[in-house]
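Undergrad: Sequence first, predicted model second:
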Amino acid sequence: MKLKIALLAGDGIGPEVTQEAVNVLEAVAAHGRHSFEFVPLLIGGVAITAKGSPLPAETLEQTLACDAALLGAVGDNKFNHLSPNERPEAGLLQIRSALGGFANLRPATAYKALADNSPLRPEITEGVDILFVRELLGGLYFGEPRWWDREKELAHNTMVYSKAEVVRVAKIAFQLAQKRKKKVTSVDKANVLEVSQLWRAAVTEVAKDYPDVTLEHQLVDSMAIHLMNTPRSFDVVLTENLFGDILSDESGVITGSLGMLPSATLGGKVNLYEPVHGSAPDIAGTGKANPIGAILTAALVLRHSAGLEAEAKVIEAAVIEALEEGNRTTDIARGNIVGQRTVSTTEMGKIILDKVKASLK
Ligand SMILES: NC(=O)c1ccc[n+]([C@@H]2O[C@H](COP(=O)([O-])OP(=O)(O)OC[C@H]3O[C@@H](n4cnc5c(N)ncnc54)[C@H](O)[C@@H]3O)[C@@H](O)[C@H]2O)c1
Ligand SMILES: CC(C)[C@H](C(=O)O)[C@@H](O)C(=O)O
Ligand SMILES: [Mg+2]
């Protein structure tokens, strides 16, 4: 099996964590009769600097010719003065839109080894396994019109969803729930927003085709607290673009760090894989970035684009083992604890890589 993967490392810690993900994928390729061809391409701040655009035409064109895209992160404070459609983040939104994936899967798993890392008590986080299904191409991110009239001191964004956009992502959420604990929690703000009322009605209609799946609705504000108080009560959490952005970052509290979270975006021409975290300019270049979110993202590439479920599981097991042995990047380290040692990005990557290689032997 041959897979051509666009490598969109991006800015800040993006290249650092992406390299560790690539190393693991290369080990999988070396072991089996698979071959992964990586096509390095510019996106985000590095693309603005080199080509004057956060998504150069050749990046888009070449990514569209690939079987999957693996992105690190975009964002650089030196471009903060630019308008949203010129910033590094615009490159990411443009490529998401062009690739067409609308279902962004963001799993949040509580690892036993990190039970003491979360500010939540271990009895709250134990066994948490949530799958966020974030709608990725609609809502406030892409709604028109959008503008900022500096003279009038007035700005405008548009939240818009069609029923069809809600239905297609809801179907994915229900199908995934059927393979899990058979529960979908749909999150909206239907007490205030018409868009959310349409969302709720459309999701309720889709649910009729999945009678084995329980559907519950939650308002986003109280969902934010339920997620911290009773995270184990959730299975698949379906929500729109901005709410999903916020709630998935919040789930980093359950897992111990934002740096632990992977994602996969399905449903378009080319699947897009990216860790949930950003370019983390505060730690870029220090060796403190946790590569686990990116490495678990590589496992999602194997699962969803390569059909290599067993190899995906090998990577996930290697991550658990590395954590259980006490290896910690700074974000998941808790001072001088016996049996734990703080490791750098590359050290953590190598520890996981060696375990992957050993299991594949
Ligand atoms: N997918 C993406 O490319 C993406 C996602 C989120 C934010 N961003 C961009 O990243 C830039 C920084 O944003 P931010 O600071 O709000 O969010 P961020 O996710 O980059 O960082 C938030 C905090 O988490 C820490 N963190 C994040 N990832 C980590 C990792 N792998 N290991 C250890 N610690 C990690 C950071 O050090 C920081 O303290 C902004 O330009 C933002 O737009 C990009
Ligand atoms: C960088 C930004 C455009 C992006 C988003 O808001 O979707 C990020 O926060 C994410 O979660 O992937
Ligand atoms: Mg985000």
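TA: Noted; the coordinates are in hand. Ligands and ions are numbered 1, 2, ... in the order given.

Undergrad: Looking from ligand 1, tell me which residue of the stretch 101-250 of the chain is nearest.
TA: D249 (7.3 Å; Cβ to the nearest ligand atom). Just so you know, the C-beta spots here come from the backbone N, C-alpha and C atoms, and that holds for glycine as well.

Undergrad: same check, this time on the stretch 201-350 of the chain
TA: Here the stretch 201-350 of the chain gets closest to ligand 1 at one residue, G278, 2.3 Å apart by Cβ to the nearest ligand atom.

Undergrad: That residue should be in a helix, yeah?
TA: No: residue state for G278 (DSSP: H, G, I helix; E, B strand; the rest coil) corresponds to coil; a helix is not indicated.

Undergrad: Counting neighbours, what do you get for it?
TA: G278 has 21 neighbouring residues, counting by other Cβ atoms under 10 Å.

Undergrad: and what of the one 3 residues further on?
TA: Look at P281: counted by other Cβ under 10 Å, it has 16 neighbours.

Undergrad: hang on, it packs against G12?
TA: Yes: counting by Cβ atoms under 8 Å, G12 is a contact partner of P281 at 5.1 Å.

Undergrad: Which residue ranges make up each domain of this structure?
TA: Listed domain ranges for the chain are 1-101+263-361, 118-255 (source: automatic domain parsing).

Undergrad: Return the most buried member of those.
TA: Mean neighbours per residue, mean count of other Cβ atoms under 10 Å, is largest over the domains of the chain for domain 1-101+263-361, with a mean of 20.

Undergrad: how about JSON lines for the domains of the chain, with distance to P107 added?
TA: Converted to JSON lines, the domains of the chain look like this (distance: least, Cβ to Cβ, whole Å):
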{"stretch": "domain 1-101+263-361", "distance to P107": "8"}
{"stretch": "domain 118-255", "distance to P107": "5"}
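
Undergrad: so which of those domains gets nearest A108?
TA: Proximity to A108, assessed across the domains of the chain by Cβ to Cβ, is greatest for domain 118-255 (3.7 Å).

Undergrad: how distant is the closest one from the center of its chain?
TA: Distance of domain 118-255 from the chain centroid (Cα atoms, centre = their mean, to the nearest Å) equals 14 Å.

Undergrad: on that earlier part again, for the residue of the stretch 101-250 of the chain closest to ligand 1, which non-adjacent residue is closest in space?
TA: Spatially, and ignoring its direct neighbours in sequence, D249 is nearest to L258 (6.2 Å; Cβ to Cβ, 6 or more residues apart in numbering).

Undergrad: next one: I95
TA: Per Cβ to Cβ, 6+ apart, closest to I95 is L55, 5.6 Å.

Undergrad: That neighbour: which element?
TA: Taking DSSP states H and E as the definition, L55 sits outside all helices and strands.

Undergrad: was I right about it contacting R96?
TA: No: assessed by Cβ under 8 Å, L55 is found out of contact with R96, at 10.2 Å.

Undergrad: List phi and psi for the residue of the stretch 1-150 of the chain found nearest ligand 2.
TA: With Cβ to the nearest ligand atom as the measure, E89 is the residue of the stretch 1-150 of the chain nearest to ligand 2, at 4.2 Å. Phi and psi for E89, reported as degrees, to the nearest 10, are phi -60, psi -30.

Undergrad: Same question for F132.
TA: phi -80, psi 130.

Undergrad: Pretty sure it sits against L105.
TA: Yes: the pair formed by F132 and L105 meets the contact definition of Cβ under 8 Å, at 7.3 Å.

Undergrad: mean confidence for the longest helix along the chain?
TA: In the chain, taking DSSP state H as the definition, the longest helix is helix 14-31. Averaging pLDDT along helix 14-31 yields 96.

Undergrad: Next secondary structure element downstream of that helix?
TA: Following helix 14-31 toward the C-terminus (DSSP H and E): strand 35-40.

Undergrad: what's in contact with that next one?
TA: Contact with strand 35-40 is made by 1-7, 9, 22, 25-26, 28-29, 62-63, 66, as judged by Cβ atoms under 8 Å, 6 or more residues apart in numbering.
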